[in-house]
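In: I'll drop the sequence and a predicted model, then ask my questions.
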2 protein chains.
Amino acid sequence: MEKLNRDLQRINPPTMADIVEVRLIEFLKKKAFKPGDALPKELEIAEALGVSRNVVREGLSRLKMLGLIESRKKRGMVFVNPDILGTFEKILDPLILDSATLKDIFELRLVLELGLSELLYRKKTEKDIKELEKIARNQDVEDNTFRIKQEIAFHGKLYEITGNDTLKRFQKMLLPIFGYVTAMEDKPIRGKISHLDLVEILKHGSKEDFNQGMLEHLRPHFDHLNEF
Amino acid sequence: MEKLNRDLQRINPPTMADIVEVRLIEFLKKKAFKPGDALPKELEIAEALGVSRNVVREGLSRLKMLGLIESRKKRGMVFVNPDILGTFEKILDPLILDSATLKDIFELRLVLELGLSELLYRKKTEKDIKELEKIARNQDVEDNTFRIKQEIAFHGKLYEITGNDTLKRFQKMLLPIFGYVTAMEDKPIRGKISHLDLVEILKHGSKEDFNQGMLEHLRPHFDHLNEF
DNA sequence: ACATTTGTTATGTAGAACATATAAACATAA
DNA sequence: TTATGTTTATATGTTCTACATAACAAATGT
């Protein structure tokens, strides 16, 4: 009957800091804060919420980590536009995440890279293709760390071609995961479709061909991941 | 010369709490913590780092928010598998994000939904299509809030069909953004391709047809967003 | 008019004290 | 023996006070 642990998950009563965190975010939303707007002082917040300054500081500290607020001595605290992806980067690490989540994220990457082709075919230039081909050419190396670097360079370039900064940063975030998965593979796993094949498709093939090619290219990694 | 503010961003010297946060995450990685493993006590950490317990608690509080650790009285603190998306949800709110980021995220959604078709065509069943069609049928309503709900239901169902939990949650996270963008549109904007059209393609068309259809379906929203 | 000093203020850090929950050990009763 | 109370030690949760530090403002001096 140890299954109970899975069915009935542990209750963790929220601490004051948890509540303060939520209330502060609500406050920011409700008051429609704009970047640069000043927040009340710590002591005022503490008094308003009926908790100690210490607890308020814990809550504020969390918002600072999220990049929602910045603080400076004497001047006080101001609301700023959060850097969404920056927060993610902190925990998106193979050493921290469990294998199930790793697999999920790899799936997400697959979907993302398949959806990429639309933008890719819209934005690609001759110059881009040339650079991509150059990257793909030096692939026949046995050195494992180099292989990973090369892998990253190629796929990174693909994102770069789309010209979408958010996408590029998102991919950069996912890199540790991808690098980890690739490094786990003792022997280099190569799909039916190589990087050079993809470049060739990009040159003469259709969007749909590229989608199919990318799918084949990523499939072996994906299969490998499914074995746990 | 006020442009300098954008080019040279303000330096905010890291506080002790910032450093503790980084050092703790490093510590977790280096020691290869597994879920359930106990961390040192607050006082021990404070002593080891040479800071007050107060500062340590601020750092720990941040990790708690990220879902990296949990703490219970007497027992101490334990490492847990972080809920990545949970963290995201807190700041992914139209009221908090700036319009540029909103646009980026909407783009991300576009790419995601285009990449979805591969999984969609693999996993879809007769039952799924029926349900999707049912959702799509009651669309001709003038009520704005209902229209948004219906929009969410349709696209949500698409993600659901893929059977990928992470994707589904990711989409759920992005919903406020999508809802916000849709609500901004005073008059209902309809693309050339409706939900019912998409269902029809899903029934008889190819993967590529669906991709093209989805692109057309989302385009007007996307164009609208480009006008700021 | 400009530079220097001084004071004020809000955040940053430290340390001590007490509250509270709870794991662990023990005691009790069915 | 086993399930249920009771006690105790302990690590986190919370509060309070005090001081350090940086930044802004006002007063002062040259």
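Out: Right, received. Where do you want to start? This one's a predicted model, so the numbers in the text were calculated from it and none came from an experiment.

In: My read is that A:Ala32 contacts B:Pro94, right?
Out: No - counting by Cβ atoms under 8 Å, A:Ala32 does not reach B:Pro94; the two are 11.0 Å apart. All C-beta atoms are positioned from the backbone trio N, CA, C, and that covers glycine.

In: So for those two, which residue has more residues nearby?
Out: When neighbours are counted by other Cβ atoms under 10 Å in any protein chain shown, A:Ala32 and B:Pro94 differ, and B:Pro94 comes out ahead with 19 against 9.

In: Provide a list of residues in contact with that one.
Out: Contacts for B:Pro94 (Cβ atoms under 8 Å, 6 or more residues apart in numbering or on different chains) come out as B:Leu102, B:Pro176, B:Ile177, B:Gly179, B:Tyr180, B:Val181.

In: Drop anything exposed from these.
Out: Neighbour counting with 16 or more other Cβ atoms under 10 Å in any protein chain shown marks B:Leu102, B:Pro176, B:Ile177, B:Gly179, B:Tyr180, B:Val181 as buried within the contacts of B:Pro94.

In: Say whether chain B is contacted by the longest helix seen in chain A.
Out: In chain A, assigned by DSSP state H, the helix with the most residues is helix A:99-123. Yes - residues of helix A:99-123 contacting chain B under Cβ under 8 Å from any Cβ of the partner chain: A:101, A:104-105, A:107-108, A:110-119.

In: Out of those residues, flag the one nearest to B:Gly213.
Out: A:Glu118 (12.3 Å; Cβ to Cβ).

In: Show me the two of the contacts of B:Pro94 that sit farthest apart.
Out: The most widely separated members of the contacts of B:Pro94, counting by Cβ to Cβ, are B:Leu102 and B:Gly179 (11.6 Å).

In: if we can go back for a sec, and the contacts of B:Pro94 as a markdown table, adding distance to B:Val51 and pLDDT?
Out: Listed next are those as a markdown table, based on distance: Cβ to Cβ, whole Å; pLDDT from 0 to 100:
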| residue | distance to B:Val51 | pLDDT |
| --- | --- | --- |
| B:Leu102 | 39 | 78 |
| B:Pro176 | 38 | 77 |
| B:Ile177 | 39 | 76 |
| B:Gly179 | 43 | 74 |
| B:Tyr180 | 41 | 74 |
| B:Val181 | 44 | 68 |
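
In: Looking at these, which is nearest A:Arg23?
Out: Closest to A:Arg23, out of all of the contacts of B:Pro94 and judged by Cβ to Cβ, is B:Pro176, at 19.0 Å.

In: For that closest one, give its distance to B:Leu97.
Out: 10 Å (Cβ to Cβ, to the nearest Å).

In: Same question for A:Pro82.
Out: A:Pro82 is 7 Å from B:Leu97, by Cβ to Cβ.

In: Find residues that contact each of those two.
Out: Common neighbours of A:Pro82 and B:Leu97, using Cβ under 8 Å, 6+ apart, are B:Ile91.

In: How many neighbouring residues does A:Ser71 have?
Out: 17.

In: oh sorry, the question was meant for A:Pro14
Out: Using other Cβ under 10 Å, A:Pro14 has 10 other residues around it.
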